[in-house]
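Peer 1: Coordinates only, no sequence provided:
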């Protein structure tokens, strides 16, 4: 009888531990004002890059989230009008970034799906697989096939945090794309992600500057 009671107590304790260790799913409803977007162009290794990036509304210090390995994110980004991404010659890379304090500098990996829609109708979708550091990123490339232009007013993302050594807090978000010119071989996807890795910090600095001007 004593063995049964102890076994039952152990089972209950393990159940509590398992429950506490369950991964979290964060649901984010974000928005973006297209007129607030920024652009950046540069050359690296003989390749020309044209970047477009937009700081999103809906996530800040008042509702920050802390992400751990195994967690997942479901995010819907709604723009205030259609966003038209021009055709690229070599490749188009898209990225959604969650930035904030505490993310480690060692590799962070995510995987999932992304879909673009216009007036409620799907226009493109893709698997996402992204490696970065110091911030969470979900990224994918070349939509639609043939690197043509695409217009959409909403992005839906569902991805998991597959590798993250230390929990990090996200209090800002960014959506961006990069067009690649053909002056040199196109980098591998992971290289493209590394080139985008500073977007979170760039927009955070821009947001802090705007806040300072408002004070």
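Peer 2: Received, thanks. Note that the coordinates shown come from a computational prediction; the quantities given were computed from them, not determined experimentally.

Peer 1: give me every residue that touches residue 87.
Peer 2: Counting by C-beta atoms under 8 Å, 6 or more residues apart in numbering, residue 87 touches 147-149. Placement of C-beta: from N, CA and C, glycine included.

Peer 1: Out of those residues, show me where the pLDDT dips lowest.
Peer 2: Of all the contacts of residue 87, residue 147 carries the smallest pLDDT score, 78.

Peer 1: and the next element down the chain from the helix or strand of the chain with the lowest mean pLDDT?
Peer 2: Here the helix or strand of the chain ranked lowest by mean pLDDT, DSSP states H and E is helix 2-20, holding a mean of 41. Next in sequence after helix 2-20, counting helices and strands by DSSP states H and E, comes strand 25-32.

Peer 1: Identify each buried residue in that next one, please.
Peer 2: Residues of strand 25-32 classed as buried: 26, 28, 30, 32 (neighbour count, 16 or more other C-beta atoms under 10 Å).

Peer 1: which strand residues sit across from the third one in the sheet?
Peer 2: Assessed by DSSP bridges, residue 30 has beta-bridge partners residue 77.

Peer 1: That one is in contact with residue 174, isn't it?
Peer 2: No - counting by C-beta atoms under 8 Å, residue 30 stays clear of residue 174, with 9.9 Å between them.

Peer 1: Which of the helices or strands spans the closest residue to residue 174 other than its chain neighbours?
Peer 2: With sequence-adjacent residues excluded and distances taken as C-beta to C-beta, 6 or more residues apart in numbering, residue 174 is closest to residue 97, at 4.3 Å. Using DSSP H and E, residue 97 sits within strand 91-99.

Peer 1: what is the rounded mean pLDDT of that strand?
Peer 2: Rounded mean pLDDT across strand 91-99 is 94.

Peer 1: got the angle for that strand vs strand 25-32?
Peer 2: With axes from the mean of the first three to the mean of the last three C-alpha atoms, to 10 degrees defining the directions, strand 91-99 sits at 110 degrees from strand 25-32.

Peer 1: Near residue 130, how many other residues are there?
Peer 2: Look at residue 130: counted by other C-beta atoms under 10 Å, it has 24 neighbours.

Peer 1: Find the residues that touch each one of residue 30 and residue 174.
Peer 2: residue 56.

Peer 1: coming back round to it: reformat the buried residues of strand 25-32 into TSV and put distance to residue 81 and pLDDT next to each item.
Peer 2: Formatted as TSV, those follow (distance: C-beta to C-beta, whole Å; pLDDT from 0 to 100):
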residue	distance to residue 81	pLDDT
26	27	98
28	20	98
30	15	98
32	10	98
